[in-house]
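A.B. asks: Below are the sequence and a predicted model for it; my questions follow.
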Amino acid sequence: MVSDTQHTVFAQIREEEIAQILTDLVRIPTVNPPGDVREAVRYCADILHHAGFSLHIVAHDEAKPNLVARYRWGKGPTLLFNAHLDVVPIGEEASWTHPPFGADYVDGRIYGRGANDDKASVAAQLVAALALVRSQVPLAGELVVTTVADEEIGGQDGTAFLIEQATLQPDFVIVGEPTDNRVCIGERGGTGIIITTYGRTAHGALPWEGVNAIEGMAFVIMALRERLWPVLAQRRAPYFTAPSSATISIIHGGVKTNVVPDQCSITIDRRLIPGETPQEAIAEVRAIAEEAVAQCLAFVSRLLQPTSGLGEKRHCNRLIARLSKRCWRSTVSLDWRVHQPDSIWRLMGGSSLHVVFRQLFMVQEILQQRTSQMNG
C-alpha cells in the first residue's frame, strides 16, 4: 500500500518536468572521450540550487567536474543518489533515425544519445530530489545527489575520485542505470585488455620484404573467438543474468594503403562475474595469444617446406631448425600491467616475429636459388 507520505511526494512529480530535463540534457553533448560535462553539470547545479540544495564541485580534471548537492532535514541517515552525465560516442551519425543530440520526442519517447544511459537516470534523480523537498514531508537525515563524469571510461575522474576524497559517507546508495526498472544488487566488473602485434614495414608492392602485423593479429583474433568466447559464455554467477563475456571493440593498424603495417592493436572489453579477477582474465587471454603467435610462425614454416627434392627438404629442415634455435632464444613475450579500470598489456613479439619471418623469407629465397641452379 502507498502511504499518505508517499502520496504527498508522488504528487510533486511532474511528467512534463522529467521530459524537459531529459530533453535539455540530451541536447548537451557529453561524449566520452573527451568527456567534457561542464555545461551539463552547470544545468543540473542550477536546478538543485534553486531548490535549496547546497552545492559542491569536485574535480580531478576541470573538464570533468562532479556535482555534489546536499539537502539536510535533520539528524539521521544519509541517502546518496548517483548517476553519470557522460555518454559513449555516437558512431556513424548517418545510421541514426533521429539526430543523436536532437532529443526528438516521438510517441511518448525521447530519442538521442544518453536518453537511456544515463541521462534518464540523472533526470529521474533530479526530479525525485525536487519532489522530496517540495513535498515538505517531515524527514530525518540527509539526501546527497551526485551527478558525475567519466563513468563510460571507468570513472577514475568521476565516482572513483569522489570515493578517494573520503568526504562522502552515506548509509544508503542508489545508483541510477538502465535496468528496465528492476532493482539490481550488483554489476559485472570489467577490465580492458590491449594487445599489440608488431611486424616490419615494407612497400605494399613488395609485401614479402615486410611482416604484416594485421595478418598476425588475425591469428590472435580467431584463436580468441574459437577458444575463449565459448568458454566465457558458459560461466555464470548467482544473481547475474548475463554470463562472463568479452568483445573486441577497437582495432587499429596500418598507416597507408601501400605500406605493409608494422603494428596492429585490438582492445578487448572483458566483463567479469563474481569469482573472476582482472589478473586471471589477462592471463587467460595472454596464454591464448602466445599460442596463436606460435601457430602463426609454425604455419609460415610449413608453407616453406619444399614439395620435391629430398636433399632440398633436408636442407630446408636444417635451416629451419637452426633458425628456430636462434630466434626462440628470446621467446615471444607479453608485457602487461593492471591499470584500473583498464588492464593494459601488449603482445611484445615484434623483434621475434621480425627475425623469424624475415629469415624464413631468406630460407625461401635460398631454396628458390638452389632450385633454379638444379634446373639450370
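C.D. replies: Received it, and whenever you're ready, just let me know what you need.

A.B. asks: All the strands of the stretch 1-150 of the chain, in order from the start?
C.D. replies: For the stretch 1-150 of the chain, the strands defined by DSSP state E, counting those that start in this stretch occupy 54-58, 66-72, 78-84, 104-106, 109-111, 142-148.

A.B. asks: So which of those strands has the densest surroundings on average?
C.D. replies: Comparing the strands of the stretch 1-150 of the chain by mean neighbour count (mean count of other CB atoms under 10 Å), strand 142-148 ranks first with a mean of 24. C-beta: built from backbone N, CA, C; applies to glycine.

A.B. asks: next SSE after that strand?
C.D. replies: Using DSSP states H and E, the helix or strand that follows strand 142-148 in sequence is helix 159-165.

A.B. asks: average pLDDT across that next one?
C.D. replies: For helix 159-165, mean pLDDT rounds to 92.

A.B. asks: In whichever helix or strand comes after it, which residues are buried?
C.D. replies: Going down the chain from helix 159-165, the next helix or strand is strand 172-175, by DSSP H and E. Residues residue 175 are the ones in strand 172-175 that count as buried (16 or more other CB atoms under 10 Å).

A.B. asks: can you check stretch 32-46 too?
C.D. replies: 32, 35-38, 40-41, 43-45.

A.B. asks: can the strands of the stretch 1-150 of the chain go into JSON lines with extra columns for distance to residue 10 and mean pLDDT?
C.D. replies: JSON lines is the format used below for the strands of the stretch 1-150 of the chain (distance: least, CB to CB, whole Å; pLDDT from 0 to 100):
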{"stretch": "strand 54-58", "distance to residue 10": "25", "mean pLDDT": "97"}
{"stretch": "strand 66-72", "distance to residue 10": "18", "mean pLDDT": "97"}
{"stretch": "strand 78-84", "distance to residue 10": "17", "mean pLDDT": "96"}
{"stretch": "strand 104-106", "distance to residue 10": "23", "mean pLDDT": "95"}
{"stretch": "strand 109-111", "distance to residue 10": "22", "mean pLDDT": "96"}
{"stretch": "strand 142-148", "distance to residue 10": "16", "mean pLDDT": "97"}
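
A.B. asks: of those, which approaches residue 235 most closely?
C.D. replies: Among the strands of the stretch 1-150 of the chain, the nearest to residue 235 by CB to CB is strand 78-84 (27.6 Å).

A.B. asks: Who are the packing partners of the closest one?
C.D. replies: Here strand 78-84 touches helix 119-135, strand 142-148, strand 172-175, going by 3 or more CB pairs under 8 Å, 6 or more residues apart in numbering; DSSP states H and E.

A.B. asks: Right, I'll leave it there.
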